[in-house]
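Sequence and predicted structure, then a few things I'm wondering about:
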Amino acid sequence: MRQINVKIPANQAGKEYNVDIQKGILDHVGELIGNIWNKRKIALISDDNVAPIYQGRVADSLEKVGFEVKEYQFPAGEESKSLDMLGKLISQMAADHFTRDDAIVALGGGVTGDLAGFVAATYMRGISLVQIPTSLLAQVDSSVGGKTAVDHNDTKNIIGAFLQPDLVIIDPETLRTLHKRDLVEGYGEIVKTAGLTDGPLWDLVNKINSVDDILENAEELSELSIQYKTTVVEQDAQEGGIRQLLNFGHTMGHAVEALSEGDLRHGEAVSIGLVAICRIFESKGLSPKGLTQEIKDRFDAVGLPTTSRFLDDPAAILDKIKNDKKNHNGHLNLVYLKAIGGPAIKSVPSDEIADFLNLTDLVK
C-alpha cells in the first residue's frame, strides 16, 4: 500500500493523518477506519450516482467491525453543493440523533467531499471526517488538504471551512466505473501540479497519451500529486501564503466554469484556465517562450479542452475574476511559471487587472 503522512503543524490546527492508496482497498474500509475511530454512528454520504455502486459495499465493511451506519444520498451534480442541501443533510442527521461523538464518511467525487466535509465542519460545530474519493479529481486534489465548501449564487466555494480529515482512503479501481469525461477532467489538476513541481510527476505526465495510460498509472499519479500538495499544505494549511500556488490556472478557470453554467467540468475549466494564464504571462516575457505549448500538449494528449467560447467575452470574464474569493486587500494574486517547476506569484491591484490580463488580445 502507498501511504502518505500529512502533518499539519500545531500553529495551523495541529492535525496528522494518513492518505492510503491501494487497488481493492475499498473492501478494507471498516478495518482501516476501525484502527483510528472507536465504535460510533457514521453518516455515510454519497450522491445518487456513486451510492448504487459503492455505498452498500462500504456500509457492509463498516458494520462488520461494529460501526452503526446511516446511508444518505443526494442528487449528483454541482447544484447540490448548496446551503439548501447542507440543511437537508444536517436535518437528516439530527433526526437520526447524531452527536458530536459520531462521524461522517464522504464517499464520492469532489462535490461529495466538499458538501459532506462542510456538513462535518458545521454539524454541532464539527465532527470527525473520513474522505473516500472515487473520482480522479477528488483523489488527486480535493480530498486532501481540508477545504470544505458549498457554492452560493454564481460563486463557487464561497461558503466553507477548513476541516482536515482523520483519514483519506483511495482505491484507484473506482476510476474504472467513471465515464471517460469524468475520469479525464481530474487529469487537469494533475498537469497543474506537474507544472508546479517538475521532477518525477512532470516526467510521468509526459508519458501519458491516452485514457488507458491514466488508468494504468493512477496509483503513481495520485501518490506524486498528493505528495506535492501535502508538502504545500503542511506549510500553509489555510491558504495564507504558499498554498496559493495550488490556485495555478484557477482564477481564469473558475471564471470560465461559472460562465459555462454547468457546461464545463471543473477539471476542464482548469485546463482552459491554465493555458490562458500561461499564454498571458508568456506574452509578457514572464514565462519562457514555448511553455504554453508544453502545457497545452499534455492536455491535448488526453482530449482536455484548452480554449473556450466563454473566453470570447472579456468583460464577463473580468467581472467573475474581480469577484473571485482569491482577491486579497485589493489585489489579485496570479500564479504563473517562470519555468516548469518554477512557480511564482504576481500580485496585481484589482483596478489594474483588466490592463494586465489584456483579455481582448487573448481572444484575437
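That came through, no problem. Only a predicted model underlies this, so the values are computations on that prediction, with no experimental measurement involved.

ok, now which ones touch the residue lying closest to I170 once chain neighbours are set aside?
Leaving aside its sequence neighbours, I170 sits nearest to I21 (Cβ to Cβ, 6 or more residues apart in numbering; 4.4 Å). To be clear about C-beta, it is placed using only N, CA and C from the backbone, and glycine gets the same treatment. Taking Cβ atoms under 8 Å, 6 or more residues apart in numbering as the criterion, I21 is in contact with M1, R2, Q3, I4, I170, P172, E219, S222, E223, I226.

So what sits opposite I21 in the bridge?
Under DSSP bridges, the beta-bridge partners of I21 are R2, I170.

separation between it and C278?
30 Å (Cβ to Cβ, to the nearest Å).

what helix or strand does the closest residue to D96 other than its chain neighbours sit in?
Nearest residue to D96 in three dimensions, chain neighbours excluded: K70, at 5.2 Å (Cβ to Cβ, 6+ apart). K70 belongs to strand 68-74 when elements are defined using DSSP states H and E.

and the helix or strand following that strand, which residues are buried?
Next helix or strand after strand 68-74 toward the C-terminus (DSSP H and E): helix 83-95. For helix 83-95, the neighbour count (16 or more other Cβ atoms under 10 Å) marks M85, L86, L89, I90, Q92, M93 as buried.

Redo those residues as JSON lines? Include pLDDT and distance to I295.
Listed next are the buried residues of helix 83-95 as JSON lines, based on pLDDT from 0 to 100; distance: Cβ to Cβ, whole Å:
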{"residue": "M85", "pLDDT": "98", "distance to I295": "35"}
{"residue": "L86", "pLDDT": "98", "distance to I295": "36"}
{"residue": "L89", "pLDDT": "98", "distance to I295": "38"}
{"residue": "I90", "pLDDT": "98", "distance to I295": "41"}
{"residue": "Q92", "pLDDT": "98", "distance to I295": "43"}
{"residue": "M93", "pLDDT": "98", "distance to I295": "43"}
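
Tell me how this structure divides into domains.
2-177, 180-362 (automatic domain parsing).

before we move on, back to that, tell me how far the residue nearest to I170 lies from A95.
Where A95 is concerned, I21 sits at a distance of 35 Å (Cβ to Cβ).

and the residue nearest to D96, what is it in contact with?
For K70, the contact set (Cβ under 8 Å, 6+ apart) comprises K41, I42, A43, L44, Q92, M93, D96, F98.

got it, and P165?
With contact taken as Cβ under 8 Å, 6+ apart, P165 is in contact with Y17, G117, L129, V130, Q131, S143, G146.

what do you get if the cut-off is 10 Å, keeping everything else the same?
If you count contacts by Cβ atoms under 10 Å, 6 or more residues apart in numbering, P165 has them with 6, 15, 17-19, 104-106, 113, 117, 120, 128-132, 143-146, 148.

now swap in I242 and tell me
Residues near I242 by Cβ under 10 Å, 6+ apart: T231, V232, V233, E234, Q235, D236, P343, I345.

Quick one: mark the members of the residues you listed that sit in strands.
The strands, defined by DSSP state E, take in P343, I345 from these.

which stretches of this structure aren't confidently modelled?
In the predicted model of the chain, residues 324-328, 361-364 satisfy pLDDT under 70.

What ranges does it have for its strands?
Listed in chain order, the strands of the chain (DSSP E) span 2-8, 15-21, 41-47, 68-74, 103-108, 128-133, 147-152, 155-162, 167-170, 327-328, 331-339, 342-349.

I'd like to know which of these lies nearest to R57.
Counting by Cβ to Cβ, R57 lies closest to strand 103-108 out of those; the figure is 9.6 Å.

What helices and strands are in contact with the closest one?
helix 29-34, strand 41-47, helix 56-64, strand 68-74, helix 110-122, strand 128-133, strand 167-170 (3 or more Cβ pairs under 10 Å, 6 or more residues apart in numbering; DSSP states H and E).

try 8 Å this time
When contacts are defined as 3 or more Cβ pairs under 8 Å, 6 or more residues apart in numbering; DSSP states H and E, strand 103-108 packs onto strand 41-47, helix 56-64, helix 110-122, strand 128-133.

relative orientation of the first one and helix 110-122 in degrees?
On the basis of axes from the mean of the first three to the mean of the last three Cα atoms, to 10 degrees, strand 41-47 is oriented at 150 degrees to helix 110-122.
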